[in-house]
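A.B. asks: have a look; sequence and predicted model below, questions after that.
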Amino acid sequence: MTQETSVLTAKPDMAPDVAPIRKVFVKTYGCQMNVYDSDRMTDALAKDGYVSTDVMEDADLVLLNTCHIREKAAEKVYSALGRLRDLKKKKAGEGREMMIGVAGCVAQAEGDEILRRAPAVDLVIGPQTYHRLPEALKRVKRGERVLETDYAIEDKFEHLPAPDKAKTKARGVTAFLTVQEGCDKFCTFCVVPYTRGSEVSRPVAQIVAEAQKLVDGGVREITLLGQNVNAWHGTGPDGAKWGLGELLHRLTAIEGLARLRYTTSHPRDMDDSLIEAHRDLPQLMPYLHLPIQSGSNRILKAMNRRHTTAEYIALIALIKAARPDLALSGDFIVGFPGETDEDFEDTLRLVETVGYAQAFSFKYSTRPGTPGADLEDQVPEDVKAKRLERLQTLLLKQQNEFAQACIGKTIDLLLEKPGRMPGQLIGRSPWLQSVNVDAMSSQIGDIIRVRITGAGPNSLFAEVVS
């Protein structure tokens with residue numbers, strides 16, 4: 001998935017003593033946290049005189065905010081940098097300067113290699129140091145090629161500007177808010193602990209202040225983000241130790257914040273207070289992304305997941321007992337080294353047992369520097385492909401069955417953006433589905449009652465209930 005992130009600001013009067021407008025184009029790869037990071041980078045650059053553009057060719061600065069999770073992530077970045085090299089050369093021939101920067105997890109993992117292989121790159125900056133971006137660009141202007149991938153001692157969030165009300169309104173009625181970063185789990189397939197560092201939780205006051213700013217800017221729904229978001233912990237105003245459940249309770253006290261979500265969770269961090277939050281908070285949407293990765297206990301052990309399928313299934317039962325209408329999402333990896341046909345059949349059986357409203361599934365691919373890269377008994381690509389096809393067929397069947405089961409239900413729908421057809425808006429259901437409904441653009445941000453009338457491949461259809 002890629003997403004282009006833009007921030008629009010008013011054009012200043014071009015008085016002789018005013019510096020010319022500098023434009024930045026940001027291309028975002030990967031997860032929701034990267035989308036959040038791109039927004040915060042553009043906020044920081046706006047304070048330094050940059051405005052965003054949706055046209056790469058117009059940019060004075062192009063930033064690739066990269067992800068290292070998916071297969072061949074680094075190769076895709078180098079391919080994009082080759083195209084940018086040609087654009088930079090073309091603009092130089094026209095007397096126009098363009099800087100190129102690489103941010104995010106590929107930058108963290110391959111900083112020196114990027115500078116070696118891509119001479120056109122001026123700046124490489126990791127996900128823990130992007131608050132230093134304006135200062136790094138000043139160094140580039142002085143003729144340096146900058147590498148900023150050492151983990152910052154200071155809290156980067158303290159050095160970033162607060163969300164701007166006008167920019168927040170331009171971005172829409174839903175927003176991401178990072179509350180936790182890094183991972184201490186060290187699953188053998190995963191590069192995150194090496195690119196994002198160890199688990200760090202943001203302070204309560206900092207999170208609440210940012211959430212309030214977002215709501216002041218018109219946001220109605222906030223999704224809390226973290227590599228292991230339910231590992232978040234902090235100290236409450238009363239000095240008590242808080243987990244994510246207590247933080248969710250505090251955020252529901254913000255007037256105007258209608259909905260809360262969180263992602264991504266680890267099964268080992270689902271504690272009682274978080275499960276009770278699903279029971280007690282109507283603002284907490286009945287949707288949970290809780291990856292397991294495999295249905296085979298043998299493979300889970302090899303992945304260093306440190307839980308069993310039985311423990312996972314029992315946990316799901318507890319959560320659904322607290323919130324019976326909860327829909328479940330998950331992640332699965334097929335073809336992990338040593339996975340046999342029986343191991344894969346165990347995964348299919350687990351999917352049948354649990355039932356998913358949505359899930360993401362991938363073929364295993366090695367990540368240099370992770371323990372999984374050194375494991376023997378790698379599964380052939382054609383076997384992985386066949387297994388993935390079977391798993392995705394089952395998951396798509398379950399997704400369609402869940403969508404069909406929604407037909408006839410009356411739900412609260414958050415109206416989010418214009419639809420494809422005139423007079424139509426797209427809303428977000430409690431279960432994170434897109435829902436098409438006839439409504440006026442002035443209603444964006446409202447939560448209305450609708451009845452689901454139909455289900456398509458990727459969205460639902462509804463009518464307003466008077």
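C.D. replies: In hand now; what should we look at?
A.B. asks: may I have the strands that pair with the helix or strand where residue 435 lies, each with its orientation?
C.D. replies: Secondary-structure element containing residue 435, defined by DSSP states H and E: strand 434-438. Using DSSP bridges, strand 434-438 pairs in its sheet with strand 424-428 (antiparallel), strand 460-464 (parallel).
A.B. asks: can you point out the buried residues in that strand?
C.D. replies: 435, 436, 437 (16 or more other Cβ atoms under 10 Å). Quick note: C-beta positions are derived from backbone N, CA and C, even for glycine.
A.B. asks: list just the nearest of those to residue 164.
C.D. replies: Distance to residue 164, by Cβ to Cβ, is smallest for residue 435 among the buried residues of strand 434-438, at 29.6 Å.
A.B. asks: can you give me the pLDDT of that closest one?
C.D. replies: Residue 435 is assigned a pLDDT of 98 by the prediction.
A.B. asks: quick check: it touching residue 424?
C.D. replies: No. Judged on Cβ atoms under 8 Å, residue 435 makes no contact with residue 424 at a distance of 10.6 Å.
A.B. asks: in a markdown table: the strands paired with strand 434-438, plus mean pLDDT, distance to residue 209 and mean neighbour count.
C.D. replies: Below are the strands paired with strand 434-438 laid out as a markdown table (pLDDT from 0 to 100; distance: least, Cβ to Cβ, whole Å; neighbours: other Cβ atoms under 10 Å):
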| stretch | mean pLDDT | distance to residue 209 | mean neighbour count |
| --- | --- | --- | --- |
| strand 424-428 | 97 | 25 | 21 |
| strand 460-464 | 98 | 35 | 18 |
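A.B. asks: possible to save the ones you listed as TSV with distance to residue 333?
C.D. replies: Shown next, in TSV, are those (distance: least, Cβ to Cβ, whole Å):
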stretch	distance to residue 333
strand 424-428	28
strand 460-464	29
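A.B. asks: for residue 224, find the nearest of those strands.
C.D. replies: strand 424-428 (16.0 Å).
A.B. asks: could you check how far residue 364 is from residue 400?
C.D. replies: 26 Å (Cβ to Cβ, to the nearest Å).
A.B. asks: swap that for residue 434, sorry
C.D. replies: Taking Cβ to Cβ, one finds residue 434 at 15 Å from residue 400.
A.B. asks: nearest residue to residue 464 in space, please, no chain neighbours.
C.D. replies: residue 450 (5.6 Å; Cβ to Cβ, 6 or more residues apart in numbering).
A.B. asks: hey, where'd the helices end up in this structure?
C.D. replies: 32-46, 73-93, 105-117, 133-141, 165-171, 192-195, 204-216, 244-251, 272-280, 297-302, 309-322, 341-354, 381-406 (DSSP state H).
A.B. asks: buried ones in the second one?
C.D. replies: Neighbour-count burial for helix 73-93, with 16+ other Cβ under 10 Å as criterion, is recorded at 73, 74, 76, 77, 78, 80, 81, 84, 87, 88, 91.
A.B. asks: before we move on, the earlier item: ok, residue 364 and residue 400, which is more surrounded?
C.D. replies: More neighbours surround residue 364 than the other of residue 364 and residue 400, with 24 against 13 (other Cβ atoms under 10 Å).
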